[in-house]
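1. fold the stuff below for me.
(2 chains)
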2 protein chains.
Amino acid sequence: MTRTSVSEPLPVVRVGMLGFGTVGTGAFRMLQDNREAIRRRSRTDIQIVKIGIRDAEKPRIAPKELLTTDLRSIVTDPSIDVILELMGGLEPAGELVETALRSGKHVITANKELLAKHGSRLVALALKQGLDLQFEAAVGGGIPLIQPMKHQLAGNDVLKVMGILNGTTNYILTQMFEQGKPLEEALAEAQAKGYAEADPTNDVDGYDAQYKLAILSTIAFDQVVPPEAVHREGIRGISTREIHFAKQLGYRIKLLGIVERMPDGAILARVHPTMVALSHPLASVNGVYNAVWLQGDFVGDVMFSGRGAGADPTGSAVVGDLIDVCRNIRIGGAANFVMPEEQAKPAPLESLRSRYYLRMVIQDRPKALGCIATVFGNCNVSISAMEARPLGQRNLIEIVFLIHPCREADFLRSLKALRNIHIVENISAWMRLEE
Amino acid sequence: MTRTSVSEPLPVVRVGMLGFGTVGTGAFRMLQDNREAIRRRSRTDIQIVKIGIRDAEKPRIAPKELLTTDLRSIVTDPSIDVILELMGGLEPAGELVETALRSGKHVITANKELLAKHGSRLVALALKQGLDLQFEAAVGGGIPLIQPMKHQLAGNDVLKVMGILNGTTNYILTQMFEQGKPLEEALAEAQAKGYAEADPTNDVDGYDAQYKLAILSTIAFDQVVPPEAVHREGIRGISTREIHFAKQLGYRIKLLGIVERMPDGAILARVHPTMVALSHPLASVNGVYNAVWLQGDFVGDVMFSGRGAGADPTGSAVVGDLIDVCRNIRIGGAANFVMPEEQAKPAPLESLRSRYYLRMVIQDRPKALGCIATVFGNCNVSISAMEARPLGQRNLIEIVFLIHPCREADFLRSLKALRNIHIVENISAWMRLEE
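-> Next up, the predicted model:
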């Protein structure tokens, strides 16, 4: 298709990139491939003038003359207007972002760890400097999420945010669910396909989702929620047995990040595997897709979904931010949102009210069930459904309970009490439910 | 919850409202209920100073001294900074918006008809005046949609946009599907519940969706797509028989707005009832919910869903825009997107390639099916599935075909030819499919 190109001379915006891995390559390609449209929409001429890399030997799609291993020279270069920080990790990224802001450069970053841990401080610095610090790519890959929460939804009192924030674990759980594969096998496959790293800790143990939820929580509730205030459980403990029962009961297992404000104003933020009812909109978000569901007092519930990772989607978010920053440069102001400075009061997980799934093995004795029901009753825990089947060995029974909404403290107390009953062989697994 | 209130003196932004119906009431209540949060996020003190209404006798939740029936006095009041146009319809809304812009006021509007027909001209005027003209509430109620397309997704070459854009018809179709009600009954119920107006033409015949798709198309493809370039079919023709077969074949019927760019660069935009496969993300968007699915060359596919209408969700979008405009006022610039002036070349519907559903009644004669298959073959139309059953009268058979992807021109040609065969009693219904 031929389209009129923007022929008027446009203001030049000079951009320096830090890091040229997956995300950097995606953003660079997008700026090349969609050059005309981006000129038209940003009303500026965006030029990548320097790219900071660690390994000068690696082959790159960018012209050699742009590459340098001297990253500091980029963030202090007086001719550069905007820095794209796409290297990840706390340091040297943090120090480079800070230097860039102090040197008068707008910054766009995809660095969730840095933002989760030091976002408030860095945004405050940007504000003081009259600069933009944007980070749409840090959560949900290409899905517009951060900016819609900051802008279009800003009139709402947010009640709850819930999301599938990590594509790697969602891919693994989808494989386990659809192919019946055990965790180790699904993980190995994800690694082979490049969806999981050699050391999968960051994804599988929920750190990545924890950082992302900390960022979303801070924006949603206008109070700083640091990552350590986000309760975190990964997916390592999930067995094919739970997958089996989830299927049978009409659920899927998802690693969810959930944050809500409790009646006393404290913020309860948590990342953990959750059994999600099939009718729930997040249940059908599969594979490497991410999704965030948000409930506001006026907007009701809204949901955003799309590709949560990968070069192109994440590059798309970085370039979207860059186009915005270029427009701001044109009009001569930063559109920065005020990051809150007030610390959120974290709510203890024990104050949660939830439904639960519980699987245990007991001895097949008379009155065994009565005995268990009594323990539940004593702890204010009540059963909504139950299913038992003999294990065919040593007179044992495997028994699965669904528990009516109750306080987590009460549920944990009931587990402790159950473990002390001699007919209980073991508490095999339990999980929180979302309907 | 007690929260630190913003105690510093903030710049005052004076707002005039035109119209105080459903949307106006929602926005007004949100500004009252969430006053502190909105102060904090906009860093301004938003004051509603005048509200223009038509009927001075109607009871309102706003203080009487703000109300006036002299709408012109609002848009020319030199003390007013921002106008919220929430009255709808082409005139006098259009003239009032224009006067407001010429009088140096930012404008926020939810008026899809006005935007679809005169959006480019009005945005151009706003740009010339250095003012904002924002309209997030015009499409998708409270769902952030317009701004994410203009900003976070702006680096993408959009390939296709597809959505459920009208909550009234989606409610009616959901009732027909879930309760087996005929259209008239579902419509009457929607009217009783206030989801449909006394004269339902605007919703039921697809005008509302047509306006909204024109707006989305213009933003997505950076070319003006006027409403008359959007092919429009409403839901009046849908019978319970099609609902029955949709169910049986694994589909749902939705009124979709779909726009895509054809290989020659022409834009094909259309609103029509569609059979959507159950596995499709739009199939599970039910009731008054709206959703938009977008495919970009880098972002891949993203989807946004939520409440597409109603006082509170639409009010939320208006207030989100207002918070943005207030920030822009603070930094002294308008963040307006450049609306394209170039007209899109509309693609004829005949150039569409689609799958089809077809229901017809034929006489049960030897070789009848062979005869029909020959007609299809002659038109380059091929059958992917077929189901026939005797009607139990006059030796007639009801027969349903699913058609492999083919050109709409060929499919229509085959229908014409079929109508001319004596064994064909009638072509009862046909519909386009989305997988």
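
2. what about the helices in chain A?
-> With helices called from DSSP state H, chain A shows them at A:22-33, A:35-42, A:71-75, A:93-102, A:112-129, A:146-150, A:167-179, A:183-192, A:201-204, A:207-221, A:240-249, A:311-331, A:368-378, A:408-419.

3. got CSV for those, with mean neighbour count and distance to B:A100 too?
-> C-beta coordinates here come from the backbone N, C-alpha and C atoms, glycine included. As requested, those are exported to CSV (neighbours: other CB atoms under 10 Å in any protein chain shown; distance: least, CB to CB, whole Å):
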stretch, mean neighbour count, distance to B:A100
helix A:22-33, 22, 37
helix A:35-42, 20, 26
helix A:71-75, 20, 44
helix A:93-102, 21, 38
helix A:112-129, 20, 31
helix A:146-150, 24, 26
helix A:167-179, 22, 45
helix A:183-192, 17, 55
helix A:201-204, 20, 51
helix A:207-221, 27, 32
helix A:240-249, 17, 56
helix A:311-331, 26, 21
helix A:368-378, 16, 64
helix A:408-419, 17, 54
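
4. take those helices and write them to JSON lines, including distance to B:R35.
-> JSON lines is the format used below for the helices of chain A (distance: least, CB to CB, whole Å):
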{"stretch": "helix A:22-33", "distance to B:R35": "39"}
{"stretch": "helix A:35-42", "distance to B:R35": "35"}
{"stretch": "helix A:71-75", "distance to B:R35": "41"}
{"stretch": "helix A:93-102", "distance to B:R35": "32"}
{"stretch": "helix A:112-129", "distance to B:R35": "23"}
{"stretch": "helix A:146-150", "distance to B:R35": "19"}
{"stretch": "helix A:167-179", "distance to B:R35": "39"}
{"stretch": "helix A:183-192", "distance to B:R35": "48"}
{"stretch": "helix A:201-204", "distance to B:R35": "41"}
{"stretch": "helix A:207-221", "distance to B:R35": "17"}
{"stretch": "helix A:240-249", "distance to B:R35": "44"}
{"stretch": "helix A:311-331", "distance to B:R35": "28"}
{"stretch": "helix A:368-378", "distance to B:R35": "46"}
{"stretch": "helix A:408-419", "distance to B:R35": "34"}
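
5. out of these, flag the one nearest B:E197.
-> For B:E197, the closest of the helices of chain A is helix A:146-150, at 29.6 Å, according to CB to CB.

6. elements contacting the closest one?
-> If contacts are counted by 3 or more CB pairs under 8 Å, 6 or more residues apart in numbering or on different chains; DSSP states H and E, helix A:146-150 sits against helix A:207-221, helix B:146-150.

7. just the C-alpha atoms of the shortest one, please, in PDB.
-> Output for helix B:146-150, consisting of C-alpha atoms alone and laid out as PDB, is shown next (Å, rounded to 0.1, in the frame of the first residue of the first chain):
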ATOM      1  CA  ILE B 146      -9.500   4.600  22.000                       C
ATOM      2  CA  GLN B 147      -6.600   5.900  24.000                       C
ATOM      3  CA  PRO B 148      -4.700   2.500  24.100                       C
ATOM      4  CA  MET B 149      -5.100   2.300  20.300                       C
ATOM      5  CA  LYS B 150      -3.800   5.900  19.900                       C
END
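
8. low-confidence ranges in chain A?
-> For chain A, residues meeting the criterion pLDDT under 70 lie at A:1-8, A:333-338.

9. okay, and the beta partners of A:L84?
-> Listed by DSSP bridges, the beta-bridge partners for A:L84 are A:M17, A:I108.

10. nearest residue to A:I38 other than its sequence neighbours?
-> B:G155 (5.8 Å; CB to CB, 6 or more residues apart in numbering or on different chains).

11. touching, the one you found and A:I323? I think so.
-> Yes. Assessed by CB atoms under 8 Å, B:G155 is found in contact with A:I323 at 6.2 Å.

12. tell me, what's touching those two both at once?
-> Both B:G155 and A:I323 are contacted by A:I38, A:R41, under the criterion CB atoms under 8 Å, 6 or more residues apart in numbering or on different chains.

13. so what's the residue nearest to A:D301 when sequence neighbours are not counted bridging to?
-> Once flanking residues are discounted, A:D301 sits nearest to A:Q295: 4.8 Å by CB to CB, 6+ apart. Under DSSP bridges, the beta-bridge partners of A:Q295 are A:K160, A:D301.

14. surely A:Q295 meets A:V158?
-> Yes. If you go by CB under 8 Å, A:Q295 and A:V158 touch, sitting 7.2 Å apart.

15. what about these two, which has more around it?
-> A:V158 (23 against 18; other CB atoms under 10 Å in any protein chain shown).

16. just give the closest residue to that one, not the sequence neighbours.
-> Leaving aside its chain neighbours, A:V158 sits nearest to A:A220 (4.3 Å; criterion: CB to CB, 6+ apart).

17. flag every residue of the stretch 1-150 of chain A that's near chain B.
-> A:1-4, A:26, A:29-31, A:33-34, A:37-38, A:40-43, A:136, A:142-144, A:147-148 (CB under 8 Å from any CB of the partner chain).

18. isn't A:S384 right up against A:L402?
-> Yes. Using CB under 8 Å, A:S384 is in contact with A:L402, at 4.8 Å.

19. give me the common contacts of those two.
-> Here A:S384 and A:L402 have A:R355 as joint contacts, going by CB under 8 Å, 6+ apart.

20. could you check which of the two is surrounded by more residues?
-> The neighbour count for A:S384 versus A:L402, taken as other CB under 10 Å, is higher for A:L402 (18 against 12).

21. and that one, what are its bridge partners?
-> When bridges are called by DSSP bridges, A:L402 pairs up with A:Y357, A:A385.

22. how much space between the residue nearest in space to the middle of chain A and A:G310?
-> With distances taken as CA atoms, centre = their mean, the residue of chain A nearest its centroid is A:L165 (3.0 Å). According to CB to CB, to the nearest Å, A:L165 and A:G310 sit 15 Å apart.

23. near chain B, which residues of the stretch 201-350 of chain A are found?
-> A:222, A:261, A:264-265, A:281, A:284, A:296-307, A:310, A:312-313, A:315-317, A:319-324, A:327-328, A:331-335, A:337-338, A:342.

24. what's around A:A388, how many residues?
-> Residues near A:A388, counting by other CB under 10 Å: 13.

25. residues in contact with it?
-> A:A388 touches A:L369, A:I397, A:E398, A:I399, A:V400, counting by CB under 8 Å, 6+ apart.

26. burial of A:R355, as a residue count?
-> For A:R355, using other CB under 10 Å, the count is 18.

27. is the nearest residue to it once chain neighbours are set aside in a bridge, and if so with what?
-> Excluding the flanking residues, the one nearest A:R355 by CB to CB, 6+ apart is A:L433, at 4.0 Å. Residues in a beta bridge with A:L433, per DSSP bridges, are A:M275, A:R355.

28. quick one: A:A138 and A:A214 touch, right?
-> No. Using CB under 8 Å, A:A138 is not in contact with A:A214; the gap is 10.5 Å.

29. now do the contacts for the closest residue to A:A110 other than its chain neighbours.
-> Distances taken as CB to CB, 6+ apart place A:A137 nearest to A:A110, at 3.7 Å, with adjacent residues excluded. For A:A137, the contact set (CB under 8 Å, 6+ apart) comprises A:V23, A:I108, A:T109, A:A110, A:T314, A:G315, A:A317, A:V318, A:D321.
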